[in-house]
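Student: Okay, here's the prediction I keep looking at, along with the sequence it came from:
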Amino acid sequence: MPRNAQPQSDTPPLTGQRKPVRIAALGDLHCTRTSVGKFQPLFTQISESADMVLLAGDLTDTGQPEEARILVRELSALRVPGVAVLGNHDFESGHQDEVSHILADSGITVLDGEACEVHGIGIAGVKGFAGGFGSHALGPWGEPTLKQFVHEAVNEALKLEASLARLRSAKQVVLLHYSPVQQTVEGEPVEIYPFVGSSRLEEPISRYPVSIVVHGHAHRGRHEGRTKNDVPVYNVSLPLLSRTFPGRPPFLVLEVAVDA
Ligand SMILES: [Fe+2]
Ligand SMILES: [Fe+2]
């Protein structure tokens with residue numbers, strides 16, 4: 001189990017040829033107009049505890065560019081590379097492209113089906129979408145609107161596949177907003193499981209050498225789960241981490257070993 005500010009490796013003890021990279025992860029900051037000064041201490045702590053940070057969407061509360069500008073001022077305390085995906089809240093006002101540009105202009109790498117490499121670790125990122133899990137996942141059948149809904153989930157999974165296919169790094173990490181597995185949403189009301197993730201996102205993860213997956217969105221889920229192929233999945237939603245680890249700063253630090 002990872003511990004905040006006390007990184008724990010996802011791999012066996014390191015040899016002399018391997019070095020650990022500390023990855024901080026959190027999502028669901030829901031930055032509002034009243035968040036001025038709220039996140040700077042958090043980003044300072046992250047800079048002291050990790051070599052990079054992954055931001056798992058819902059970075060703003062209503063997707064207003066003003067909220068993104070406030071978040072960027074908070075991010076001025078960050079001293080390590082940051083990689084983000086947007087969440088559904090960042091789409092709420094229809095200004096998601098502007099929100100994305102504001103974050104990118106501040107130096108954050110915003111992924112939407114693209115990939116990047118930081119400290120030798122490949123990161124594939126996509127928002128993802130809803131649709132449910134396993135045999136209860138919604139199928140593309142019936143009314144055109146339902147088919148469209150499922151098409152969106154399939155499209156996000158294809159974007160994730162394309163993102164992973166671009167990576168040449170030996171170690172790969174997947175950054176999502178919606179969950180790819182049911183385990184990390186358990187704790188939410190059962191009735192909303194179909195709206196907090198999609199196991200269609202799990203399929204591409206199983207085809208690539210992914211070390212860890214992080215996601216947000218399910219504020220009341222569980223912080224840790226696994227894919228069918230035993231890849232660790234972490235729900236890094238800020239409200240969930242605050243509740244799960246009271247007294248600790250609300251981010252996880254995950255350690256991935258890369259060849260030195
Ligand atoms: Fe959220
Ligand atoms: Fe969300």
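Tutor: Noted; the coordinates are in hand. Ligands and ions are numbered 1, 2, ... in the order given.

Student: Now do the residue in the stretch 151-260 of the chain positioned nearest to ligand 2, the pLDDT please.
Tutor: The minimum distance from the stretch 151-260 of the chain to ligand 2, using Cβ to the ion, falls at H217 (3.8 Å). Every residue, glycine included, has its C-beta placed from N, CA and C. Note on H217: pLDDT of 98.

Student: do the same with the one 3 residues further on
Tutor: According to the predicted model, the pLDDT of R220 comes to 97.

Student: For it, grab phi and psi.
Tutor: Here is the backbone geometry of R220 (degrees, to the nearest 10): phi -110, psi 20.

Student: Now do it: how many residues are near it, please.
Tutor: Using other Cβ atoms under 10 Å, the number of residues around R220 comes to 16.

Student: So which bits of the stretch 151-260 of the chain are right by ligand 2?
Tutor: Proximity of the stretch 151-260 of the chain to ligand 2, by Cβ under 5 Å from the ion, involves residues H217.

Student: residues from the protein in reach of ligand 1?
Tutor: By Cβ under 5 Å from the ion, the residues of the chain that approach ligand 1 are D28, D58.

Student: Which parts of the chain are strands?
Tutor: Using DSSP state E, the strands of the chain run over 8-9, 18-26, 52-56, 82-85, 109-110, 115-118, 121-126, 171-176, 210-215, 224-226, 232-235, 252-259.

Student: Where do the helices of the stretch 1-150 of the chain begin and end?
Tutor: Ranges of helices within the stretch 1-150 of the chain are 40-49, 65-74, 88-91, 96-105, 144-166, based on DSSP state H, counting those that start in this stretch.

Student: Tell me which of these sits most buried.
Tutor: helix 88-91 (a mean of 22; mean count of other Cβ atoms under 10 Å).

Student: who touches that one?
Tutor: Contacts to helix 88-91, defined as Cβ atoms under 8 Å, 6 or more residues apart in numbering, come from residues 30, 57-63, 96, 99-100, 127, 177, 217.
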